[in-house]
Every structure is written in structure tokens, then in C-alpha cells.
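[1] From the sequence below, what's the structure:
(one chain, ligands or ions: 1)
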Amino acid sequence: MTVAPDFQFQNGVLHAESVPLTKLAQEFGTPLYVYSRKALNDAWESYRQAAGQRNVLICYGMKANSNLAVLNEFKNLGAGFDIVSGGELARVLAIGGDPSKIVFSGVGKQVWEMRAALKAGVKCFNVESEAELVRLAEVAGQAGVVADVSLRVNPDVDALTHPYISTGLKENKFGIAIEAALATYQRAASLPSLRVVGVDCHIGSQITEVGPYLDALEKLLALIETLAQQGVHIRHLDLGGGIGIRYTDETPLSPKVLLDQVFERLQARDLGHLQIVLEPGRSLVGNAGVLLTTVEYLKHSTAKNFAVVDAAMNDLIRPTLYDAWHSIEAVEPRGQSARKYDIVGPICESGDWLARDRMLALQQGDLLAIMSAGAYAFTMASQYNTRPRAAEVMVDGEHYHVVRPREPLHSLFASETLLPETK
Ligand code: LLP
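    This is a model prediction of the structure:
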């Protein structure tokens, strides 16, 4: 059993749904991202079932994987989108996503991005500072429209996750401190080109416990009640994303457990009219993808064994950036003479590693699958060392589709120009 239900062994070969990964590697080369359409659908279904008949809007946190095929699949399933840039907005518009289901998050929104979002007619701006509030009011005023806003409140709770992906603590750059929220809401309510519609938070990522969400929720519900007493009536509460996935042996929080507890607390406080918005990214796509890579060389020494593979930190930066663990599966396991290997890429940096100290039986030319690479893998990829970004393939049952070809080498520098000759 692997960590991802839709990537399992059949007759000794790892498959994506019904397609052997060896076949895809042969046809498209490696490194190669392979996604499972069924996994996307199943992950969506767990949110849909968790929501049931309740008033819940799931806005896919598309920074996790913004390939148009992935976005389109979620759009067709009924998703809204959580965007953090004008670029992400453009992607959603390119697949005909419904702007009235878009929430616009992010700590540094620029004027052009605000204009584009207002023009599109997004559901809500999640505003992260008083300065942003003032800018948005100006931009909306100039455009002659009213912008719907939530304030992203920083509830000062510990999400119990990696410090780089923990966002709800006082010392993080995100949101408006909960103590300052009331005053900022008053300011927002006083600006004629803004309409206060929501309260928002996002406390971190890869969260596996419900506790931090409930701590944040209690603080936000108290805020919503106080706002109501002051005549500011909130329509929706956005609890952000953050639900974790299984990379190794984690037991992730299920959307149902989260939503059941949230709605229980809403009923208890007579706030059942609130719409709940969630912005899940990783939990919708993380285990819907793997990164395939080929072993180029083996280097054995007394100190360490290295498997040098053709994928690198430019394809998957999570291990070196967050010390993240991704399971490694041999696509056709040999089952004999395993040794402890560091799996490293060809990039000229000691930080270019993908996994450490893994027991594997390997030979040159073997195909490996780096698991749980559906989220924050391709979207964080770069072209460092002039390495083209790898192709992305979506498997659907026994069929498969290239949803982004490998970048042609020449395209990496085709738009660069030389300086004029010096005289
Ligand atoms: N909403 C907001 C405002 C966010 O900042 C994020 C993620 C999400 C939603 C989606 O969170 P998720 O459900 O995926 O946890 N690159 C890191 C993760 C960074 C998350 C940034 N914000 C990683 O690879 O672990």
C-alpha cells in the first residue's frame, strides 16, 4: 500500500489508476508529473459530502496546483477559487470560472490586481491590512463600484505545523491582529466604496488536528457577535485552507470532522445563518500526483550512498525548503539487496536533495515515484540550471492526457536579448 489510494501496485508495477507508470515514463520521458483524475474527484467528494446540505462554499486554494485541467475539473465539480494574484485570476477566467465564487487573498495586492478583480466581479477581497483597505477603497471608488470585503484576522493560534507554513501566529506577516480587528472593521464600514461581508482567517498548512481550527473559530465567532452589536452584519466566515494529507503515516483531519464541529458551534451561538467558506489546496490535490524520475547514477561510499536522479529541487523544492518527507517508491521494486540511499538531483547545490536515508534496492536506470507531488510541486518549480519544467500528464482510468508538455529547451531563453555592441 502506498500513501496515495489511486497510485497502487498491480502485478509488481506501480500504476496511476489503470496505467502503468513505466508506460508513461517511456512515452513522455522523466522527470514527469503524473496526476489522477479520480483522486481529484474523490478528494472533492469528501468535501462535498462533508458539506451536505449546509451553506458551504469550497474555494480551491489553487496555488497548490494551478494547471488549467485541474482548475477546470474542480470548476465542473462546483468549486470556487481562492486566488492570491492577478495571474491566478487570469487562469480562473481562462477556464470560465465563476468570479462570484472567487475570494482574493494575499498580503500584497497591487492596484492592477485589485482593478482586474473588481472588473471580474469577485465574491470578496480578503483584506490583510489597514493600508490595503484604504487602497482598495480608492481603487473601487475610482472604478465607481463597491468592493465586498472580509478582513483576514490573525487569531494568534498555533497551527502545530512547520514554521514556514504556519500563518496564524502574532509574529507572522499575515492578517490583522485580532485585537485591532474591531477598529479596522469600523474603518471599513465607514468607507462608502467598501461593503463588509465577511470574516476570514487562514492559520497554516498541513494541519492534522481540529484543535487549532476550533481555537481560531471561537475567537472569530466572538468577533462576529461584537460586530453585530455594533451594527456590522457578517454574512460569511472563511476559515481558510490548511487540512493536511498523508505523506508518510499522518492521520489527516477529515473535512467532515471539521465542518461538523464548526456547524455545532455556529448553532450553539445562534449563528447558523453564516455561510462557511473553506480554501483547501493541498488536501484536494496533494495525493493526486506523483513525480516520476529515473536513476541516472548510483554512488556508493563508506559514508553515504547516493542515487542521482533526473528530477531535482527545481521540480520539487519541498524537501530542501521545509525538510518535507515525500515517500519514494520504486516503480518496479527489485526486492533484493536494499541499501540506504539519499536521493539527490543533478543541480549544483548541496541542498538539491529529494529524500534522505531511504532503504531501496536500486540499479541505474530504475524508475522512482516521488509520492504526494500533486500539491506545491509543479507550482513551485523553477528553471534553475536552465532545466525545462517537466511535463504534466493526467491519467483517467486507462486513458491519459498531456495537460502541459515539457518545456522546449529553446523556450527557456528565446525571449532574452543581447546588449548592443560597445563602440
Ligand atoms: N488560503 C490561503 C490564504 C493560503 O495562504 C493557503 C496556503 C491556502 C488557502 C491553501 O492552504 P492548504 O490547504 O494547501 O494548506 N508551499 C507550502 C505550503 C504553503 C501554503 C501557503 N498558503 C508547502 O509546500 O507545504
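
[2] mind listing what the closest residue in space to Glu17 that isn't next to it in sequence touches?
    Spatially, and ignoring its direct neighbours in sequence, Glu17 is nearest to Val395 (4.9 Å; Cβ to Cβ, 6 or more residues apart in numbering). Where you see a C-beta, it was placed from the backbone N, CA and C, and this is true even at glycine. With contact taken as Cβ atoms under 8 Å, 6 or more residues apart in numbering, Val395 is in contact with Ala16, Glu17, Ser18, Val19, Leu24, Val34, Tyr35, Ser36, Arg37.

[3] Can you pull the residues of this protein lying near the ligand?
    Residues of the chain found near the ligand (Cβ under 6 Å from any ligand atom) are 61, 63-64, 82, 105, 165, 202, 205-206, 240-243, 279-283, 318, 322, 376.

[4] Filter these down to the ones in helices?
    Counting by DSSP state H, these place Arg282, Ser283, Arg318, Tyr322 in helices.

[5] Go through the residues you listed and name the one nearest Gln230.
    Nearest to Gln230 among those, counting by Cβ to Cβ, is Ser283 at 35.4 Å.

[6] what about the closest residue to that closest one other than its chain neighbours, distance to Arg318?
    Residue nearest to Ser283 in three dimensions, not counting chain neighbours: Ile243, with 4.1 Å by Cβ to Cβ, 6+ apart. Distance, Ile243 to Arg318, by Cβ to Cβ, to the nearest Å: 17 Å.

[7] contacting residues around the lengthiest helix in the chain?
    Of all segments of type helix in the chain, defined using DSSP H, the longest is helix 211-229. Helix 211-229 is contacted from outside by 153, 155-160, 168, 178, 181-182, 185, 199, 201, 203-204, 207, 233-234, 237, 239, 242, 253, 258, 261-262, 265-266, 269, 271, 274, using Cβ under 8 Å, 6+ apart.

[8] could you flag which of the residues you listed are buried?
    Neighbour counting with 16 or more other Cβ atoms under 10 Å marks 153, 155-157, 159, 168, 178, 181, 185, 199, 201, 203-204, 207, 234, 237, 239, 242, 253, 258, 261-262, 266, 271, 274 as buried within those.

[9] Mind checking which of these land in strands?
    Judged by DSSP state E, strands contain the following of the buried ones among the contacts of helix 211-229: Val153, Val199, Leu237.

[10] who's the last one bridged to?
    Meaning Leu237. Assessed by DSSP bridges, Leu237 has beta-bridge partners Val199, Ile276.

[11] isn't it right next to Val153, touching?
    No. Using Cβ atoms under 8 Å, Leu237 makes no contact with Val153, being 10.3 Å away.

[12] Please enumerate the shared neighbours of the two.
    Common neighbours of Leu237 and Val153 are listed as Val199, Asp200, Leu220 (criterion: Cβ under 8 Å, 6+ apart).

[13] Can you add pLDDT and distance to Leu57 and give those residues back as TSV?
    As requested, the shared contacts of Leu237 and Val153 are arranged in TSV below (pLDDT from 0 to 100; distance: Cβ to Cβ, whole Å):
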residue	pLDDT	distance to Leu57
Val199	98	14
Asp200	97	12
Leu220	97	16
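
[14] which of the residues you listed lies closest to Gly96?
    Of all the shared contacts of Leu237 and Val153, the one with the least separation from Gly96 (Cβ to Cβ) is Asp200, at 25.5 Å.

[15] Quick check: that closest one touching Lys123?
    No. The pair Asp200 / Lys123 is not scored as a contact, 11.4 Å apart, by Cβ under 8 Å.

[16] Alpha carbons of stretch 327-343, as CSV, please.
    What follows is stretch 327-343, C-alpha atoms only, in CSV (Å, rounded to 0.1, in the frame of the first residue of the first chain):
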residue,chain,number,x,y,z
SER,A,327,7.7,8.7,0.2
ILE,A,328,9.8,7.2,-2.5
GLU,A,329,8.5,4.1,-4.4
ALA,A,330,10.5,2.1,-6.9
VAL,A,331,8.0,1.7,-9.8
GLU,A,332,9.2,-1.9,-10.3
PRO,A,333,10.6,-2.9,-6.9
ARG,A,334,13.5,-5.3,-7.1
GLY,A,335,13.1,-6.7,-3.6
GLN,A,336,16.7,-7.7,-3.0
SER,A,337,19.9,-6.0,-1.6
ALA,A,338,18.4,-2.8,-0.3
ARG,A,339,20.7,-0.1,0.9
LYS,A,340,20.3,3.2,2.5
TYR,A,341,20.2,6.0,-0.1
ASP,A,342,20.0,9.7,-0.3
ILE,A,343,18.0,10.6,-3.4
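
[17] So for it, what gets flagged as buried?
    Here stretch 327-343 shows Ser327, Ile328, Glu329, Ala330, Val331, Glu332, Pro333, Tyr341, Asp342, Ile343 as buried, counting by 16+ other Cβ under 10 Å.

[18] okay if I get the shared contacts of Leu237 and Val153 as a markdown table plus distance to Leu68?
    Supplementary listing: the shared contacts of Leu237 and Val153 in a markdown table, determined by distance: Cβ to Cβ, whole Å:
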| residue | distance to Leu68 |
| --- | --- |
| Val199 | 31 |
| Asp200 | 26 |
| Leu220 | 34 |
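
[19] Return the closest of these with respect to the ligand.
    If you rank those by distance to the ligand using Cβ to the nearest ligand atom, Asp200 comes first, at 8.1 Å.

[20] Compute the number of surrounding residues for that closest one.
    Number of residues near Asp200 (other Cβ atoms under 10 Å) recorded here: 27.

[21] Contacts only, for the residue most central in space within the chain.
    The residue lying closest to the centre of the chain (Cα atoms, centre = their mean) is Ala64, at 2.4 Å. With contact set as Cβ under 8 Å, 6+ apart, Ala64 has these partners: Gly281, Arg282, Leu284, Val285, Gly286, Gly374, Ala375, Tyr376, Thr379.

[22] That's all I had, so thanks and see you.
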